[in-house]
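[1] I need the structure of the sequence given here:
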Amino acid sequence: MTDNNKPNGCLVSFQRLFSGIMAILATIFLIIVLIYLTYNVKIEGISLLVVTASSFFVLRYIWKKVKRKSTSNKQVIKGVFSDFFRIIIVFAIFSVVMVILEKNAGNKITIKETENDTDKTEIVTTTENGNEIRYIVNKQSWRDFAGNWHRMDFKIAENNVQKSKKNRHSFRYTRNFSWGTFYKHMADHDRPLLEHLYDSFSKIQKQKKLNRRQFAELIITSIQDIQYNYIKSSPCDGSEEFPCVGNVRLGIFAPVEFSASLQGDCDSRTVLLFVLLAKFEYDVAILNSNQYKHSVLGINIPSTGKYKTRNRKKYYFVETTAKNYTIGNLPAKVSNVGYWNFVLVNKK
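    Predicted coordinates for the structure are as follows:
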């Protein structure tokens with residue numbers, strides 16, 4: 001005796017194939033959404049957790065539907081249409097979520113201004129006092145410790161980069177060499193060559209009415225946000241876990257060089273931050289550790305966390321090579337205060 005309610009085998013196979021394809025498309029789409037929100041919109045914390053968890057449960061539900069068993073041809077056809085509209089709804093909802101998060105983060109689509117504009121860097125040529133000047137402009141956007149978005153151009157005259165490099169190379173390496181003296185050599189030379197950065201930071205401070213601490217955090221987070229690079233005096237050998245620039249004398253870029261290339265290791269960053277914050281009358285220092293082979297900034301500002309004392313003043317540590325390390329917060333692997341030593345201070 002034949003069961004008339006039993007679904008057609010071909011229909012069942014089609015339903016499972018169709019459901020599987022829809023589930024794969026949904027999986028790919030949600031992975032792309034998560035990658036875009038993480039690396040382009042740069043959502044973090046609870047927002048990223050909610051989106052990731054929602055994606056997981058949605059995909060889990062969709063894949064469960066792929067394995068369902070229909071008891072009639074009518075259920076098979078209904079299941080195919082349900083799968084199709086379910087995926088459309090998922091695409092629509094997560095597209096709206098992506099747009100909302102992007103808008104709230106202030107990460108709008110960048111319109112290319114020139115044919116040569118690639119990624120976030122461009123060369124701009126201007127005429128000043130009858131002279132043609134080429135500027136390297138890095139378009140930066142980042143979040144401060146409070147989660148507020150900021151945008152600013154790191155604008156450096158191309159000829160100043162050559163001056164900075166020439167000055168760095170001019171430093172004589174002797175047996176009395178000290179990192180503090182070398183850092184000061186670069187800082188003193190490059191200080192007047194960073195006027196565009198000073199002006200840009202000042203404009204943000206005035207527009208957003210930042211207090212002294214907020215302004216210091218604005219500058220610190222702008223440098224923390226930049227991709228870390230190894231800067232080596234020897235050739236790069238390919239084993240480095242981060243991007244690497246080799247054959248750089250003494251393994252460091254001077255402030256102007258770093259501002260133009262955005263390629264810097266720990267002390268490339270601390271020297272630039274030292275110059276920037278000192279310009280705005282902050283009491284800052286550079287501390288190095290032979291044990292950790294690392295360099296950090298110190299800032300004398302009311303805070304909490306780890307600090308080193310000099311002349312009865314507390315200089316709170318600032319990690320410059322990674323995001324979200326607030327003032328006074330050091331990575332655990334370099335957190336022994338006894339291993340850190342002052343090498344340069346801007347206020348005695």
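
[2] would you map the strands across this structure?
    Here the chain has its strands, by DSSP state E, at 121-128, 131-143, 149-157, 230-231, 244-245, 284-289, 294-299, 307-310, 313-318, 341-345.

[3] pLDDT averaged over the fifth one - what is it?
    The average pLDDT within strand 244-245 is 92.

[4] what's the answer for the first one, then?
    Taken as a whole, strand 121-128 has a mean pLDDT of 85.

[5] would you mind putting the CA coordinates of that strand into PDB?
    C-alpha atoms of strand 121-128 as PDB (Å, rounded to 0.1, in the frame of the first residue of the first chain):
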ATOM      1  CA  THR A 121      47.800  58.400   1.600                       C
ATOM      2  CA  GLU A 122      48.200  61.000  -1.100                       C
ATOM      3  CA  ILE A 123      50.800  63.500  -2.300                       C
ATOM      4  CA  VAL A 124      49.500  67.100  -2.500                       C
ATOM      5  CA  THR A 125      51.500  69.800  -4.300                       C
ATOM      6  CA  THR A 126      51.000  73.500  -3.200                       C
ATOM      7  CA  THR A 127      52.700  76.800  -4.000                       C
ATOM      8  CA  GLU A 128      53.800  78.800  -0.900                       C
END
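
[6] possible to save the strands of the chain as a markdown table with mean neighbour count and distance to residue 195?
    C-beta coordinates here come from the backbone N, C-alpha and C atoms, glycine included. Shown next, in a markdown table, are the strands of the chain (neighbours: other C-beta atoms under 10 Å; distance: least, C-beta to C-beta, whole Å):
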| stretch | mean neighbour count | distance to residue 195 |
| --- | --- | --- |
| strand 121-128 | 12 | 12 |
| strand 131-143 | 16 | 12 |
| strand 149-157 | 18 | 9 |
| strand 230-231 | 20 | 25 |
| strand 244-245 | 18 | 26 |
| strand 284-289 | 23 | 19 |
| strand 294-299 | 25 | 21 |
| strand 307-310 | 16 | 30 |
| strand 313-318 | 22 | 24 |
| strand 341-345 | 18 | 22 |
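
[7] closest one to residue 69 among those strands?
    Ranking the strands of the chain by proximity to residue 69 (C-beta to C-beta) places strand 131-143 first, at 48.6 Å.

[8] so what does that closest one touch, helix or strand wise?
    Judged by 3 or more C-beta pairs under 8 Å, 6 or more residues apart in numbering; DSSP states H and E, the packing partners of strand 131-143 are strand 121-128, strand 149-157, helix 158-170, helix 212-224, helix 255-261.

[9] can these go into a markdown table with extra columns for distance to residue 180?
    Listed next are those as a markdown table, based on distance: least, C-beta to C-beta, whole Å:
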| stretch | distance to residue 180 |
| --- | --- |
| strand 121-128 | 32 |
| strand 149-157 | 25 |
| helix 158-170 | 15 |
| helix 212-224 | 20 |
| helix 255-261 | 15 |
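
[10] on that earlier part again, which one, of the strands of the chain, ends up nearest to residue 98?
    Proximity to residue 98 (C-beta to C-beta) singles out strand 149-157 among the strands of the chain, at 16.5 Å.

[11] which residues touch that closest one?
    With contacts defined as C-beta atoms under 8 Å, 6 or more residues apart in numbering, strand 149-157 is touched by 105-107, 124, 133-144, 193-194, 196-197, 200-201, 204, 218, 221-222, 256, 259-260, 262.

[12] residues contacting residue 126?
    Residue 126 sits next to 132, 133, 135 when contact means C-beta under 8 Å, 6+ apart.

[13] 6 Å - rerun?
    Residue 126 makes contacts with residue 133, as judged by C-beta atoms under 6 Å, 6 or more residues apart in numbering.

[14] and for residue 341?
    Counted by C-beta under 6 Å, 6+ apart, residue 341 has zero contacts.

[15] beta partners for it?
    When assigned by DSSP bridges, residue 341 has beta-bridge partners residue 288.

[16] returning to that earlier point: let me have the strands of the chain in CSV, extended by distance to residue 55.
    Converted to CSV, those look like this (distance: least, C-beta to C-beta, whole Å):
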stretch, distance to residue 55
strand 121-128, 33
strand 131-143, 22
strand 149-157, 24
strand 230-231, 34
strand 244-245, 34
strand 284-289, 41
strand 294-299, 37
strand 307-310, 42
strand 313-318, 35
strand 341-345, 47
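
[17] which one of those lies closest to residue 176?
    Ranking those by proximity to residue 176 (C-beta to C-beta) places strand 341-345 first, at 14.2 Å.

[18] and the angle from that closest one to strand 294-299?
    Here the directions of strand 341-345 and strand 294-299 differ by 60 degrees (axes from the mean of the first three to the mean of the last three C-alpha atoms, to 10 degrees).

[19] of all the helices and strands packed on strand 131-143, which lies closest to residue 20?
    When the helices and strands packed on strand 131-143 are compared by C-beta to C-beta, strand 149-157 sits nearest residue 20, at 40.2 Å.

[20] what average pLDDT does the closest one get?
    pLDDT averaged over strand 149-157 gives 94.

[21] partners of that strand, with directions?
    Assessed with DSSP bridges, strand 149-157 is paired to strand 131-143 (antiparallel).

[22] from residue 133, how far out is the closest residue to residue 309 other than its chain neighbours?
    Distances taken as C-beta to C-beta, 6 or more residues apart in numbering place residue 315 nearest to residue 309, at 7.4 Å, with adjacent residues excluded. To residue 133, residue 315 is 38 Å away according to C-beta to C-beta, to the nearest Å.

[23] kind regards, and thank you for your time.
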